[in-house]
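Asker: sequence and computational prediction follow.
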4 protein chains.
Amino acid sequence: MIADFCIVPIGVGVSVSKYIVECEKIFTEAGLKTNLHAYGTNIEGEWDEVFAAIKRCHEKLHEMGVPRISSTLRFGTRTDRQQSMDDKIRSVQEKLKSE
Amino acid sequence: MIADFCIVPIGVGVSVSKYIVECEKIFTEAGLKTNLHAYGTNIEGEWDEVFAAIKRCHEKLHEMGVPRISSTLRFGTRTDRQQSMDDKIRSVQEKLKSE
Amino acid sequence: MIADFCIVPIGVGVSVSKYIVECEKIFTEAGLKTNLHAYGTNIEGEWDEVFAAIKRCHEKLHEMGVPRISSTLRFGTRTDRQQSMDDKIRSVQEKLKSE
Amino acid sequence: MIADFCIVPIGVGVSVSKYIVECEKIFTEAGLKTNLHAYGTNIEGEWDEVFAAIKRCHEKLHEMGVPRISSTLRFGTRTDRQQSMDDKIRSVQEKLKSE
């Protein structure tokens, strides 16, 4: 599956990058392929591993003292064919170039 | 935790309500408290139960022949206090009335 | 169009209902049909009016002293037929009852 | 403002990259800074320009024959300081490196 995760810690001020850093480390330790962008992180992996890592992100931030968290997730599955994160981007970029 | 789930079946035409119906049944069978609205479903329950039911929704729709699914989820956790879906709505509605 | 809006004020503590209240008032004043749920608000109306009201929400919260805001929006348009928020919910609920 | 946009055409099969291509062209023509990732596109620009381009994406896809569209958007504004898409990513990456 491919997911796109954005976590927002609430009640700890406006600077949130140190919490994003912890999530990146959790995804890396879980062996998941990720791509950090300006409004979230793409994650590629098996369903259970992706969601276990996301759960660990919430647990970790609460352990760090964050009292409230609001996350958003987009996630897609398909049975017609295999498609990686790179495939998805390449598919668009190739069409853009050929015009 | 409180979540808000919206599932979009792709590749099966524009009429998607029969797939939403299956998801509603999955949440009910899982014993989760839900509230269907015009752009998704609120879900209240324990983390693992909520995410197991969401996984079952993807599996069920693929079994029904949906080749591709794109879902979005908002989900929140807090450690400062207990708060139900009804509490969240009531908190806003009471302030609206008192103005 | 039908939209689903969730606004998260950052940097003003964990209690956010007073900010949601202001947004509800903005939508009502704009004459938009809304439905508050536990993780956002459904909004039905013309494109420009919906987005003008959402912009006003961000402006209003910044005026109230919120330094940072992160919002999420689902929004749908269709050309095949007219569909209201009530139509969407009814379509699912009728299928649920008939089973 | 910084936004993250994901558009899902419904009723035109499972292959959607040609529609994403059209949206990328609209953002480029609008002079907006974008970054395509595996589950959407980051967009940086002034509020009215970003939302005008997003509206144009919906219009364009409907013109191309897409009967139904469901989009999701994350968008953030802040008054405490200026922050670009690159700043957001760099802020996380620098902390990751220094550990």
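Answerer: Looks like it came in fine. Numbers count the residues shown, from 1 in each chain, chains lettered A, B, ... in the order given.
Asker: from here on, contacts and neighbour counts on C-alpha atoms
Answerer: Noted.
Asker: quick check: angle from the helix of greatest length in chain A to helix B:47-63?
Answerer: Secondary structure of chain A per DSSP state H: the longest helix is helix A:47-63. Interaxial angle of helix A:47-63 relative to helix B:47-63 (axes from the mean of the first three to the mean of the last three CA atoms, to 10 degrees): 150 degrees.
Asker: contact residues of chain A facing chain D?
Answerer: Within chain A, the residues that sit near chain D (CA under 8 Å from any CA of the partner chain) are A:2-4, A:17-18, A:20-21, A:36-39, A:42, A:74, A:85-86, A:88-89, A:91-93, A:95-96.
Asker: relative to residue C:22, how far out is residue A:7?
Answerer: In this view, residue A:7 and residue C:22 are 24 Å apart by CA to CA, to the nearest Å.
Asker: between these two, which is the more surrounded one?
Answerer: The neighbour count for residue A:7 versus residue C:22, taken as other CA atoms under 10 Å in any protein chain shown, is higher for residue A:7 (24 against 18).
Asker: residue A:27 - how many residues pack around it?
Answerer: By other CA under 10 Å, 22 other residues sit near residue A:27.
Asker: could you find the closest non-adjacent residue to it?
Answerer: By the measure of CA to CA, 6 or more residues apart in numbering or on different chains, the closest residue to residue A:27 outside its immediate chain neighbours is residue A:53, 6.1 Å from it.
Asker: distance check, the one you found against chain D.
Answerer: 18 Å (CA to the nearest CA, to the nearest Å).
Asker: just checking, that residue touches residue A:29?
Answerer: No - the pair residue A:53 / residue A:29 is not scored as a contact, 9.1 Å apart, by CA atoms under 8 Å.
Asker: which of these two has more neighbours?
Answerer: For residue A:53 versus residue A:29, the count of surrounding residues by other CA under 10 Å is larger for residue A:53: 20 against 10.
Asker: who are the contact partners of that one?
Answerer: Counting by CA atoms under 8 Å, 6 or more residues apart in numbering or on different chains, residue A:53 touches A:26-27, A:30.
Asker: if we go to 10 Å?
Answerer: By CA atoms under 10 Å, 6 or more residues apart in numbering or on different chains, residue A:53 lies in contact with A:23-24, A:26-32, A:59.
Asker: give me phi/psi at the closest residue to residue A:14 other than its chain neighbours?
Answerer: Leaving aside its sequence neighbours, residue A:14 sits nearest to residue C:11 (CA to CA, 6+ apart; 4.8 Å). Reported as degrees, to the nearest 10, the phi and psi values for residue C:11 are phi 100, psi 10.
Asker: so what sits against both of residue A:53 and residue A:29?
Answerer: In contact with both residue A:53 and residue A:29: residue A:23, using CA under 10 Å, 6+ apart.
Asker: low-confidence ranges in chain A?
Answerer: Within chain A, no stretch has pLDDT under 70.
Asker: can you give me the helices for it?
Answerer: Applying DSSP H to chain A gives helices spanning A:17-29, A:47-63, A:85-97.
Asker: buried set for the second one?
Answerer: What that stands for is helix A:47-63. Residues A:50-51, A:53-54, A:57-58, A:60-62 are the ones in helix A:47-63 that count as buried (16 or more other CA atoms under 10 Å in any protein chain shown).
Asker: if we can go back for a sec, what subset of the residues of chain A next to chain D is also close to chain C?
Answerer: For chain C, the contacts drawn from the residues of chain A next to chain D by CA under 10 Å from any CA of the partner chain are residue A:39.
Asker: restricted to buried residues, select the residues of chain A next to chain D in PyMOL.
Answerer: Entered in PyMOL, the line below selects the buried ones among the residues of chain A next to chain D, by 16+ other CA under 10 Å:
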select buried, chain A and resi 2+3+4+17+20+21+36+37+38+39+42+74+85+88+89+91+92+93+96
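Asker: hang on, the earlier thing: for the buried residues of helix A:47-63, which one is nearest residue D:80?
Answerer: Using CA to CA, residue A:61 comes nearest to residue D:80 of the buried residues of helix A:47-63, at 23.6 Å.
Asker: wait, doesn't that closest one sit right on residue A:23?
Answerer: Yes - counting by CA atoms under 10 Å, residue A:61 touches residue A:23, with 8.5 Å between them.
Asker: list the residues that contact both of those two?
Answerer: With CA under 10 Å, 6+ apart as the test, residue A:61 and residue A:23 both reach residue A:7.
Asker: measure stretch A:20-36 end to end?
Answerer: Using CA to CA, the end-to-end distance of stretch A:20-36 comes to 10 Å.
Asker: what does it rub up against?
Answerer: Here stretch A:20-36 makes contact (CA under 10 Å, 6+ apart) with A:2-9, A:17, A:40-46, A:49-50, A:52-54, A:56-58, A:60-61, A:64, A:85, D:37-38, D:88-89, D:91-97, D:99.
Asker: ok, now how distant is residue A:1 from residue A:26?
Answerer: According to CA to CA, residue A:1 stands 18 Å off from residue A:26.
Asker: and which of the buried residues of helix A:47-63 is nearest to chain C?
Answerer: residue A:62 (13.2 Å; CA to the nearest CA).
Asker: list the contacts of the residue lying closest to that closest one once chain neighbours are set aside.
Answerer: Computed as CA to CA, 6+ apart, the closest residue to residue A:62 that is not its neighbour in sequence is residue B:79, at 7.1 Å. Each residue near residue B:79 by CA under 10 Å, 6+ apart is listed here: A:62-63, A:65-69.
Asker: near chain B, which residues of chain A show up?
Answerer: A:2-10, A:47-48, A:51-52, A:55, A:58-59, A:62-63, A:65-81.
Asker: let's see that with 7 Å instead.
Answerer: Counting by CA under 7 Å from any CA of the partner chain, the residues of chain A close to chain B are A:67-80.
Asker: longest strand in chain A, by residue count?
Answerer: Ranked by number of residues, the top strand in chain A under DSSP state E is strand A:68-78.
Asker: elements contacting that strand?
Answerer: Helices and strands touching strand A:68-78, by 3 or more CA pairs under 7 Å, 6 or more residues apart in numbering or on different chains; DSSP states H and E, are strand A:2-10, strand B:68-78.
Asker: and the angle from that strand to strand D:2-10?
Answerer: Counting by the same axes, to 10 degrees, strand A:68-78 lies at 40 degrees to strand D:2-10.
Asker: no more questions from me, cheers.
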